[in-house]
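Q: just need the structure, nothing else, for what follows:
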Amino acid sequence: MSEAKNTVTYKDVEYNVSDLSDRAQQLVGLVQMVREEAGGLQARLAILQGAEVKFSEELEGEFDGMADEPDDQLELELSGLD
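A: Predicted structure coming up:
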């Protein structure tokens with residue numbers, strides 16, 4: 001699909017969107033919307049994964065720092081963390 005040319009390609013054939021049925025035009029718009037939303041979600045996921053790595057690294061530093069502290073510290077059990 002090409003928004004600039006207002007055409008859509010299907011099975012190697014290019015069609016003018018304005019020549020499509022109303023339903024086909026609606027579906028073209030929906031496909032474009034879904035692709036844009038998926039792209040935004042992929043970007044958001046990349047940000048969240050980066051944050052998870054950073055927070056995990058900081059948490060590891062906190063645990064490493066606890067090794068130097070007295071043994072009377074509370075034990076912390078975190079299940080599900082790698």
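Q: so where's the protein uncertain?
A: Low-confidence segments of the chain, defined by pLDDT under 70, span residues 1-4, 68-82.
Q: now the helices: where do they sit in it?
A: For the chain, the helices defined by DSSP state H occupy 22-66.
Q: give me the most central residue, it.
A: Geometric centre of the chain, nearest residue: Q42, 2.3 Å, by C-alpha atoms, centre = their mean.
Q: any idea how far L48 is from that one?
A: 11 Å (C-beta to C-beta, to the nearest Å). All C-beta atoms are positioned from the backbone trio N, CA, C, and that covers glycine.
Q: then M33?
A: Using C-beta to C-beta, one obtains 22 Å as the distance from M33 to L48.
Q: how much space separates S56 from L48?
A: Going from S56 to L48 by C-beta to C-beta gives 12 Å.
Q: what's the burial count for V28?
A: 19 (other C-beta atoms under 10 Å).
Q: one more: the one 3 residues further on?
A: Close neighbours of V31, defined as other C-beta under 10 Å, add up to 12.
Q: next one: V8
A: V8 has 21 nearby residues by other C-beta under 10 Å.
Q: and what of the one 5 residues further on?
A: Other residues within reach of V13 by the criterion other C-beta under 10 Å amount to 7.
Q: tell me what it is bridged to.
A: The bridge-partner assignment for V13, based on DSSP bridges, gives Y10.
Q: tell me how far it lies from R35.
A: Using C-beta to C-beta, one gets 20 Å for the distance from V13 to R35.
Q: same check, this time on Q49
A: Relative to R35, Q49 is positioned 21 Å away (C-beta to C-beta).
Q: next one: R44
A: If you measure R44 against R35 using C-beta to C-beta, the figure is 15 Å.
Q: how close does S21 get to M66?
A: As for S21, its distance to M66 is 66 Å (criterion: C-beta to C-beta).
Q: between the two, which one's more packed in?
A: Under the criterion of other C-beta under 10 Å, the comparison of S21 against M66 puts M66 first, with 13 against 8.
Q: buried residues, stretch 12-22. List them.
A: Counting neighbours by 16 or more other C-beta atoms under 10 Å, one finds that the buried residues in stretch 12-22 are V17, L20.
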